[in-house]
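Undergrad: Dropping the sequence and predicted coords here.
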Amino acid sequence: MLRLITDFDGPLMDISGRYYHVYQLCLEKAQQPKQKIHLLSKSDFWELKRDRVSEEEIGRISGLEAEQAQAFAKLRREIVHDLSYFIYDQIIPGSLEALWKAQKMGYELVVMTMRRRRELEAAFQEHHLERFFPLERCYCLSNDSIKTTDIQDKPKLMDKAQKELPPVEDTWMVGDTEADIAAAKKHDIKVIGVLSGIRSRQQLEKYQPDYLVANLAEAVDLISNLV
Ligand SMILES: [Mg+2]
């Protein structure tokens, strides 16, 4: 038995559209009438996110005063996970085909995400993802759990999975952030970082994934070439 554990946002889902939409909304709310601000382009905004620039700093770069930037960051935190904005998320091209290919190669698929269950279910319904991930192979946050930080929460989710899932001969993990890499390394699971998500190459390299590739399709290709 073989297993591929994949993160959701980053390898499968492109959330840059939602994050940029919410950035624009929060900037609008935080600014004074007639205040000159500097609206970042989507690609400039996303590059800052990929370089882990804080929301407050992004507010300041966009022309907000320090206090406004604080309010901007607070509002952003409060609304970025509102279900109404998930319509701006997009499936990453080629990722569903990659899941299909991994399944054909004999890999059992597991999804491991910091999304809350309702946030995951919304995407599952839209893209019929239950064909890849049965309910008992979905590791996410419950609707009422308190989030801490991904780097703390993700390894906990991996602990749970390792306890519950039957042992297999070979496991791979794919993810787009340091939290995924930390979760995999804690359990000596081979981990492939993908650059299709919210971290730049420079950021991900610091955490030394076993491999670093463009996206999930390349990750599955890599696995198929290695086994
Ligand atoms: Mg992710």
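TA: Sure thing, it's come through. Computed from a prediction, not measured in an experiment: that's the story for all the values here.
Undergrad: so how far does stretch 2-14 reach from one end to the other?
TA: Across stretch 2-14, the terminal residues are separated by 26 Å (CA to CA, to the nearest Å).
Undergrad: ok, and does it reach over to the ion?
TA: Yes. Stretch 2-14 reaches the ion (CB under 5 Å from the ion) through D7, D9, G10. (C-beta placed from N, C-alpha, C; glycine too.)
Undergrad: I figured the first one hits E178, correct?
TA: Right, D7. No. In this structure, D7 is not within contact of E178 by CB atoms under 8 Å, at 11.5 Å.
Undergrad: of the two, who's got more company?
TA: A direct count of neighbours by other CB atoms under 10 Å for D7 and E178 places D7 higher, at 27 against 19.
Undergrad: pull the CA atoms of the helix or strand containing L222 into PDB?
TA: Using DSSP states H and E, L222 sits in helix 216-226. Taking Å, rounded to 0.1, in the frame of the first residue of the first chain, the C-alpha atoms of helix 216-226 are listed here in PDB:
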ATOM      1  CA  LEU A 216       1.400  18.900  -7.800                       C
ATOM      2  CA  ALA A 217       1.600  17.600 -11.300                       C
ATOM      3  CA  GLU A 218       5.400  17.800 -11.200                       C
ATOM      4  CA  ALA A 219       5.400  16.300  -7.700                       C
ATOM      5  CA  VAL A 220       3.400  13.200  -8.900                       C
ATOM      6  CA  ASP A 221       5.700  12.900 -12.000                       C
ATOM      7  CA  LEU A 222       8.700  13.000  -9.700                       C
ATOM      8  CA  ILE A 223       7.300  10.300  -7.500                       C
ATOM      9  CA  SER A 224       6.400   8.100 -10.500                       C
ATOM     10  CA  ASN A 225      10.000   8.500 -11.700                       C
ATOM     11  CA  LEU A 226      11.500   7.600  -8.400                       C
END
